[in-house]
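[1] how would this look folded up:
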Amino acid sequence: MSQTHAGSSDRVVTGTIWVVSARMTVRLIGTASTLFLARLLTPADFGLVAVAMSVVGLCQASTEFGFDLALIRDSNASEADYATAWTADLLRGTILAVLLLLVAKPLATFLNDTRLVALLSTLSVIPILEGLYNPRFVDFDKRMQFRPFFILMVAVKIIGFMVTVGLALAWRSYWALIFGIIVSNVARLLLSYVLIPYRPRFTLSSWRKLMGFSGWLAGAQLMGAMGSRLDNVILKKLLTAHGVGIFSVSRDLTSMAFQEITLPLRRVLFPALSRLTTASDAFRHAYFVGVSALFMILAPIGLGLALVARDAVPILLGGQWQDAVYPIQWFSLMAGFWAITAMAQSAAMSAGQTRMIFRRNLLYFPIRITIFILGADYYGLMGAVVCSLIADVFLGILNLTMMNRILGTTVLQHVRAFERSLGALLAMALCVATVQRLIPAGTDLITHGFRLAAATGVGLLVYPAVHLLLWRVSGRPAGAEQRIIDLLARRRNNKLTSAQ
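    Residues are numbered from 1 along each chain as shown. Below you'll find the predicted structure:
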């Protein structure tokens, strides 16, 4: 393997290991907060907030220009570029805040819930807070220095956790979630300027330059946002706040680990690939190392959660969340498939193929919305779950097609990137299922806890052991396993050298 291949791969894997480790700390705090709040609040509370946040998120994502990505991709970005990005984001945030105030009452009437008027009016401050965010923070990404990002994330998560849980204990109301979200956004804004000082100024002088990259991406964001953010709003109209809460929390819990691993890897991969030529072997190699590493980590988490959901839900969420078992199992089983295609957008943006991303979302959006509405209308909550997963499979096929066009690769090459992980997953599933059959199921928490601990322990032992065995039997090929082992060995040697 050439030094170019090794260098690009090392940057991706090194950044991924460091970033994922830090993000998992953040996610543990978030998971603890969700599990704690699930016992203080009801599914209907979570459902109502989920609907309000979906409206806010839809407005934000559908008008997202992606200027931060344009600044990362441009190694020679000027001061005017940063100032233009800040000005445009602030103007966008102000317009969205006004829009949320205007639509609050009509939307509440349409969804037959007057509480949404106050919720949306209060949450209208969020787009302004995000519009004021420091554009210079992307400089850390450009230099592939991720420590400041996680200082910010951990601090914001701790502050949000303390405020939300404290208010939930005092109020026992969904307003605790609302004010927790707002306080987290204020903390994120202030810390962005503490960690990298910047004095913004108003200008739009680089508007055309930034839009050259972000124009198609903004259109893609619009389609993508409407394809996913409308879920909770549609369910609130067709079902109840309880159903929305079950759907939303199930999807959020299962996606927590996936997002905290996928998003950091995409954050590492985008600047790394932006330095390489799309047609080069180094670009393809770095991409496949990222894909195989992501599948190797995500797939066992997803399969494991699906296998233990029946025992985990009563312990972690409580009896009022029993309806969440099947949705959690279905969402979890999709983890491996998400892993295969999650890197597609970062790689496409690195290659400058934003128009291709727009075309993909233009095809995906109407199909997803149609089948989701039909599923929810005819089959209720589970119909919505199954149809959302069918749409995800379709999106995955589109992503693979897009990457094959960009890289000149085939579906078989993608499958071969994680073939050893498939063998380890099969072994893990068989062993966990055997353990569960040997321990009789029960309804008390002690039995649930014993079965959960035994199944989790077996899975944690079997998967890495079989994966390492298959890698060695395969002749120790170059890939994610070898990179991780090499990096761990270098770190151990560095520690020994420092100790001496």
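[2] so what's residue 239 up against?
    Listed by Cβ atoms under 8 Å, 6 or more residues apart in numbering, the contact set of residue 239 reads 376, 380-381, 384. Every C-beta, even on glycine, is put in place using the N, C-alpha and C of the backbone.
[3] helices and strands around the helix or strand hosting residue 382, which ones?
    Per DSSP states H and E: residue 382 is located in helix 354-407. If contacts are counted by 3 or more Cβ pairs under 8 Å, 6 or more residues apart in numbering; DSSP states H and E, helix 354-407 sits against helix 207-228, helix 231-238, helix 241-274, helix 281-316, helix 325-333, helix 335-341, helix 344-350, helix 411-416.
[4] looking at the ones you listed, which one has the lowest mean pLDDT?
    Least confidently modelled of the helices and strands packed on helix 354-407 is helix 207-228, at a mean of 65 by mean pLDDT.
[5] ok so, going back, quick one, the helix holding residue 382 and helix 281-316 angle?
    Here the directions of helix 354-407 and helix 281-316 differ by 110 degrees (axes from the mean of the first three to the mean of the last three Cα atoms, to 10 degrees).
[6] Quick one: mean pLDDT for helix 354-407?
    So the average pLDDT for helix 354-407 ends up being 88.
[7] Ok, stretch 44-61 next?
    89.
[8] Tabulate the CA atom coordinates of it in PDB.
    Presented in PDB, the C-alpha positions along stretch 44-61 are these (Å, rounded to 0.1, in the frame of the first residue of the first chain):
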ATOM      1  CA  ALA A  44     -47.700  11.900  25.100                       C
ATOM      2  CA  ASP A  45     -45.400  14.600  26.500                       C
ATOM      3  CA  PHE A  46     -42.500  13.400  24.400                       C
ATOM      4  CA  GLY A  47     -44.900  13.200  21.400                       C
ATOM      5  CA  LEU A  48     -46.000  16.800  21.700                       C
ATOM      6  CA  VAL A  49     -42.500  18.100  22.000                       C
ATOM      7  CA  ALA A  50     -41.400  15.900  19.100                       C
ATOM      8  CA  VAL A  51     -44.100  17.400  16.900                       C
ATOM      9  CA  ALA A  52     -43.100  21.000  17.800                       C
ATOM     10  CA  MET A  53     -39.400  20.200  17.200                       C
ATOM     11  CA  SER A  54     -40.100  18.500  13.900                       C
ATOM     12  CA  VAL A  55     -41.700  21.700  12.700                       C
ATOM     13  CA  VAL A  56     -38.700  23.800  13.800                       C
ATOM     14  CA  GLY A  57     -36.300  21.200  12.400                       C
ATOM     15  CA  LEU A  58     -38.200  21.100   9.100                       C
ATOM     16  CA  CYS A  59     -38.000  24.900   8.800                       C
ATOM     17  CA  GLN A  60     -34.200  24.900   9.600                       C
ATOM     18  CA  ALA A  61     -33.200  21.900   7.500                       C
END
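[9] Run the chain-centre distance for that stretch.
    Centre-to-centre, stretch 44-61 and its host chain are 16 Å apart (Cα atoms, centre = their mean, to the nearest Å).
[10] what does stretch 442-453 give?
    30 Å.
[11] How about it, which residues are buried there?
    In terms of neighbour count (16 or more other Cβ atoms under 10 Å), stretch 442-453 has its buried residues at 448, 451-452.
[12] Dump these to TSV, plus distance to residue 117, pLDDT and secondary structure.
    TSV is the format used below for the buried residues of stretch 442-453 (distance: Cβ to Cβ, whole Å; pLDDT from 0 to 100; DSSP: H, G, I helix; E, B strand; the rest coil):
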residue	distance to residue 117	pLDDT	secondary structure
448	41	93	helix
451	46	95	helix
452	42	95	helix
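[13] Closest to residue 411 out of these?
    residue 452 (36.3 Å; Cβ to Cβ).
[14] ok, now how distant is that closest one from residue 460?
    Taking Cβ to Cβ, to the nearest Å as the measure, residue 452 falls 12 Å from residue 460.
[15] Ok, residue 147 next?
    Distance from residue 147 to residue 460, by Cβ to Cβ: 28 Å.
[16] May I have the secondary structure class of the closest residue in space to residue 59 that isn't next to it in sequence?
    In space, and not counting its chain neighbours, residue 59 is closest to residue 96: 4.9 Å by Cβ to Cβ, 6 or more residues apart in numbering. Judged by DSSP: H, G, I helix; E, B strand; the rest coil, the three-state class of residue 96 is helix.
[17] wouldn't residue 96 be in contact with residue 64 here?
    No. Using Cβ atoms under 8 Å, residue 96 is not in contact with residue 64, being 10.5 Å away.
[18] and for the two, which residues touch both?
    Joint contacts of residue 96 and residue 64 (Cβ under 8 Å, 6+ apart) do not exist.
[19] Do a quick rundown of the helices in the stretch 101-250 of the chain.
    Taking DSSP state H, counting those that start in this stretch, the helices of the stretch 101-250 of the chain run over residues 115-123, 125-131, 138-142, 147-171, 175-195, 207-228, 231-238, 241-274.
[20] Pull out the buried positions in the fifth one.
    So the one you mean is helix 175-195. So helix 175-195, judged by 16+ other Cβ under 10 Å, has buried residues 175-193, 195.
[21] now the angle from that helix to helix 115-123?
    Going by the same axes, to 10 degrees, helix 175-195 makes 20 degrees with helix 115-123.
[22] same check, this time on the fourth one
    Here helix 147-171 runs at 140 degrees with respect to helix 115-123, directions being taken by the same axes, to 10 degrees.
[23] Helix 147-171 - what's its average pLDDT?
    Per-residue scores along helix 147-171 average to 88.
[24] repeat for the first one
    Per-residue pLDDT over helix 115-123 has a mean of 96.
[25] sorry, back to before: is it possible to get the helices of the stretch 101-250 of the chain out as TSV so that each row also shows distance to residue 490?
    What follows is those, written out as TSV (distance: least, Cβ to Cβ, whole Å):
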stretch	distance to residue 490
helix 115-123	47
helix 125-131	39
helix 138-142	23
helix 147-171	19
helix 175-195	28
helix 207-228	36
helix 231-238	44
helix 241-274	18
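[26] Which one of those lies nearest to residue 360?
    Between those, helix 207-228 lies closest to residue 360; by Cβ to Cβ that is 7.3 Å.
[27] what's the distance between residue 331 and residue 386?
    On the measure of Cβ to Cβ, residue 331 and residue 386 end up 10 Å apart.
[28] okay, these two: which has more neighbours?
    residue 331 (27 against 17; other Cβ atoms under 10 Å).
[29] Now that one: closest residue in space that isn't a chain neighbour?
    Counting by Cβ to Cβ, 6+ apart, residue 331 lies nearest to residue 254, which is 4.0 Å off, once chain neighbours are set aside.
[30] can you pull the contacts of the one you found?
    Each residue near residue 254 by Cβ under 8 Å, 6+ apart is listed here: 302, 305, 328, 331-332, 335.
[31] Please tabulate those in JSON lines, including the columns distance to residue 408.
    Formatted as JSON lines, those follow (distance: Cβ to Cβ, whole Å):
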{"residue": "302", "distance to residue 408": "30"}
{"residue": "305", "distance to residue 408": "36"}
{"residue": "328", "distance to residue 408": "38"}
{"residue": "331", "distance to residue 408": "33"}
{"residue": "332", "distance to residue 408": "33"}
{"residue": "335", "distance to residue 408": "28"}
